[in-house]
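> Next come a sequence and a model predicted from it.
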Amino acid sequence: AQSVTQLDSQVPVFEEAPVELRCNYSSSVSVYLFWYVQYPNQGLQLLLKYLSGSTLVKGINGFEAEFNKSQTSFHLRKPSVHISDTAEYFCAVIVPDGGATNKLIFGTGTLLAVQP
Amino acid sequence: DTAVSQTPKYLVTQMGNDKSIKCEQNLGHDTMYWYKQDSKKFLKIMFSYNNKELIINETVPNRFSPKSPDKAHLNLHINSLELGDSAVYFCASSPRGNEKLFFGSGTQLSVL
């Protein structure tokens, strides 16, 4: 079975500082990897995804993530954060099986708290 | 012009009642989902339908019954509500063969 671990439940950071949110996954087969963001009282939005190819993936709002197969990691980074980046960030995986549906398995989330 | 819309946004009810949450998507997607987010923000899939057919049914009490009258709608009916059902329920949809999910803004269910 697949699982996703987000090591930090909360990451406080000052505005304009860089940030890294950690994500590790466990799977015996290849997976697709995702980062979703949830702003307060809203649904989830896709930030970025890794399916195949280049291991460095760029997403919206200046975020990027790097897939590291040997370390089974998919850490999310941003060089300079803004107050508006304060949100809950979820790492997730899908096992691609060519089927019609995608069963997203989520990590427990990391609250990014940007302080002025 | 909301892509995935859920109603109601908030639902407060007593234990033992029966309630429904509605979901509609206007994206033309074939697949729809229900996810549950608990008080610790943990998200877990409950059900998935593809073109009105049940595809994924996780270990969910049979008090929860999804219904898909057409591929644009996936409603969730809950019988005999319990305190532990309190959570935020998210509807989502995706195109067939596409891994990107589009989420609704959630329904916060509080069982008293």
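Received the coordinates, thanks. Numbers count the residues shown, from 1 in each chain, chains lettered A, B, ... in the order given.
> Can you give me every residue that contacts residue 52?
Here I'm looking at chain A. The contact partners of A:S52, taken as CB atoms under 8 Å, 6 or more residues apart in numbering or on different chains, number zero. Where you see a C-beta, it was placed from the backbone N, CA and C, and this is true even at glycine.
> think we crossed wires, I meant chain B
B:68-71 are the contacts of B:K52 under CB under 8 Å, 6+ apart.
> cool, and B:L27?
Per CB under 8 Å, 6+ apart, neighbours of B:L27: B:3-4, B:93, B:95, B:102.
> Looking at it now. What's its pLDDT?
On the pLDDT scale, B:L27 is placed at 93.
> what do you get for A:G43?
At A:G43, pLDDT is 87.
> what's near enough to touch the nearest residue to it once chain neighbours are set aside?
Nearest residue to A:G43, sequence neighbours excluded (CB to CB, 6 or more residues apart in numbering or on different chains): B:F103, at 3.6 Å. For B:F103, the contact set (CB under 8 Å, 6+ apart) comprises A:36, A:43-45, B:4, B:35, B:90-92.
> tell me which element the residue positioned nearest the centre of chain A falls in.
When chain A is reduced to its mean C-alpha position, the nearest residue by CA atoms, centre = their mean turns out to be A:W35, at 3.0 Å. Secondary structure from DSSP states H and E places A:W35 in strand A:32-38.
> immediately after that strand, which helix or strand?
strand A:44-50.
> hang on, the earlier thing: who are the neighbours in contact with the residue nearest to the centre of chain A?
A:W35 neighbours (CB under 8 Å, 6+ apart): A:21, A:23, A:46-49, A:59, A:63, A:65, A:74, A:76, A:89-92.
> In strands, which of these appear?
A:21, A:46-49, A:65, A:74, A:76, A:89-92 (DSSP state E).
> and chain B, which of these reach it?
A:46, A:49, A:90 (CB under 8 Å from any CB of the partner chain).
> measure the residue nearest to the centre of chain A to B:A3 for me?
Counting by CB to CB, to the nearest Å, the gap from A:W35 to B:A3 is 20 Å.
> re earlier: quick check on the contacts of B:K52: which are buried?
B:68, B:71 (16 or more other CB atoms under 10 Å in any protein chain shown).
> of the ones in strands among the contacts of A:W35, closest to B:G28?
Nearest to B:G28, judged by CB to CB, of the ones in strands among the contacts of A:W35 is A:L46 at 18.0 Å.
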